[in-house]
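Chemist: I'd like to go over a predicted model; first the sequence, then the structure.
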Protein chains: 2
Amino acid sequence: MRTLISLFLLVVTAAAQPVTIAHRGASGYVPEHTREAKVMAHAMGAEFIEQDVVLSKDDVPVVLHDIHLDTTSDVATRFPDRKRADGRYYALDFTLAELRQLSMHERMDHKKGTQAYPKRFPASTGGFRIVTLDEELELIAGLNQSTGRVAGIYPEIKQPAWHRKEGHDISPIVLRVLAKHGYTSKKHACYLQCFEHDEVKRLRGELGWKGRLIMLMGGGKTGVGGSNFDHMRTDANNSPGGRTSWA
Amino acid sequence: MRTLISLFLLVVTAAAQPVTIAHRGASGYVPEHTREAKVMAHAMGAEFIEQDVVLSKDDVPVVLHDIHLDTTSDVATRFPDRKRADGRYYALDFTLAELRQLSMHERMDHKKGTQAYPKRFPASTGGFRIVTLDEELELIAGLNQSTGRVAGIYPEIKQPAWHRKEGHDISPIVLRVLAKHGYTSKKHACYLQCFEHDEVKRLRGELGWKGRLIMLMGGGKTGVGGSNFDHMRTDANNSPGGRTSWA
């Protein structure tokens, strides 16, 4: 289980107890964000299973890390005419019915023409499919029932400012799917996350999300959506119950 | 993990050490013989993962426990006109392209209208698909690579006499897929199994299978293919290294 460390992130609760979160599912062993990756994460005992969420052209939330499709699917060979001027293929340009035709695979580094993580699952193996957020939450609910062990969910709304610029409002759509599956309050095993400060405020304010909410930060000064991460940084050594307690 | 016992069979090796075999995959937790069931079995540490194999109309070996489709898929609603006179739907009457349109689900007891095993994965959850033997062996090979732990395979040729009566010879086709994935000798982690005595003899003789071979026995006097199980029974108490050593 050599990639276990790369697979699971540790977060700190109020009591400084670590929580295991399967990042994109058991993505060290099977292609990220596939059904297989989520089932394996559940079997490995993950307490939370993460979903990155983007929209399809027909406004269906699907579980994908990138707004692009080309590093984790065969989109370039299946729909060669559908790339944008920048040479990339965007999930938002495809209906769900089209996305379902794609074969998903291990993440590729197209510049090098090799797998991004060569020791992981072989990228040449097909048979993996895209998953909607609705389907994934149903799958996790089924596993929670059949195993008798509840794994929570950890959905991230991807690039809401970019989605809005493209004419799609992702957050209310994601909240409706969460509500359909019973995730509506802080009592439920769900952490909703986003890298964009304005959207995090909007989720709690205008959109009325009452569940747990995470403001994600990157290592840089500003995020994709314009968030100023420098303003948010805490000095770990002066933070009560912060990094120093789980180093 | 309450259904672990029902999930795994124990077999006895020459040294009477138990071997864990995931029967139809981790079928206690996710619908039997789906990709998800096989991935979960691998994650749970199964040493061998079982495949029941039947043919499609176009002679593609697919992984299904029954020659019928109606207890584990939505075939009756998707192809209502395709049942035989006995009211059952047979995998052998559908091409692979048609079988791929089916949604697989937890095993149903259609007489009662309920799940055969009510505490298992909810049968109302869709999104599961049929798997070819070729795809499943590729999936297991990928998991063997990514986890660094080799799980073997345990394919069963289902009802070869019935297949032949219907004009299809299943065994040579299965052997070709096994050979494609490198399973050809007793050194390889593969046990090929069958309930039909004549076919077991044919596999070793006429068809030249050099790998490990299991003659399966049921609890009754004779098997579906006419095998006389009574002639094969061993008195456990007089059997060296037999049942008494692992009761």
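Modeler: Everything's here; your move.
Chemist: the closest residue to chain B within chain A and B:Ser146: what is the separation?
Modeler: For chain A and chain B, the shortest gap (CB to the nearest CB) falls at A:Ala43, measuring 3.7 Å. For glycine as for every other residue, the C-beta is placed from the backbone atoms N, C-alpha and C. With distances taken as CB to CB, to the nearest Å, A:Ala43 is found 14 Å from B:Ser146.
Chemist: A:Gln17 now?
Modeler: Using CB to CB, A:Gln17 is found at 29 Å from B:Ser146.
Chemist: then A:Phe229?
Modeler: For A:Phe229 relative to B:Ser146 (CB to CB), the value is 33 Å.
Chemist: higher neighbour count, those two?
Modeler: More neighbours surround B:Ser146 than the other of A:Phe229 and B:Ser146, with 23 against 17 (other CB atoms under 10 Å in any protein chain shown).
Chemist: does chain B have contacts with the longest helix anywhere in chain A?
Modeler: The longest helix of chain A (DSSP state H) is helix A:133-147. Yes. Counting by CB under 8 Å from any CB of the partner chain, chain B has neighbours in helix A:133-147: A:135, A:138-139, A:141-143, A:145-147.
Chemist: from the centroid of chain A, which residue is nearest?
Modeler: Residue closest to the average C-alpha location in chain A (CA atoms, centre = their mean): A:Asp52, at 1.8 Å.
Chemist: doesn't it lie inside a strand?
Modeler: Yes. Assignment of A:Asp52 by DSSP: H, G, I helix; E, B strand; the rest coil places it within a strand.
Chemist: was I right to think it contacts A:Tyr154?
Modeler: No. The pair A:Asp52 and A:Tyr154 fails to qualify as a contact (CB atoms under 8 Å) at a distance of 9.6 Å.
Chemist: CA atoms of stretch A:72-89 as PDB?
Modeler: Below are the C-alpha coordinates for stretch A:72-89, written out as PDB (Å, rounded to 0.1, in the frame of the first residue of the first chain):
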ATOM      1  CA  THR A  72      -8.200  11.800 -17.900                       C
ATOM      2  CA  SER A  73     -10.400  10.600 -20.900                       C
ATOM      3  CA  ASP A  74     -10.300   9.600 -24.600                       C
ATOM      4  CA  VAL A  75     -12.200  12.800 -25.600                       C
ATOM      5  CA  ALA A  76      -9.500  13.900 -28.100                       C
ATOM      6  CA  THR A  77      -9.900  10.700 -30.100                       C
ATOM      7  CA  ARG A  78     -13.700  10.300 -29.700                       C
ATOM      8  CA  PHE A  79     -14.600  14.000 -30.300                       C
ATOM      9  CA  PRO A  80     -11.600  15.400 -32.200                       C
ATOM     10  CA  ASP A  81     -13.500  18.400 -33.600                       C
ATOM     11  CA  ARG A  82     -14.700  19.700 -30.200                       C
ATOM     12  CA  LYS A  83     -11.600  21.400 -28.800                       C
ATOM     13  CA  ARG A  84     -11.600  25.100 -28.100                       C
ATOM     14  CA  ALA A  85      -9.100  27.500 -29.600                       C
ATOM     15  CA  ASP A  86      -6.700  26.800 -26.700                       C
ATOM     16  CA  GLY A  87      -6.600  23.100 -27.800                       C
ATOM     17  CA  ARG A  88      -8.400  21.900 -24.600                       C
ATOM     18  CA  TYR A  89     -11.700  20.000 -24.300                       C
END
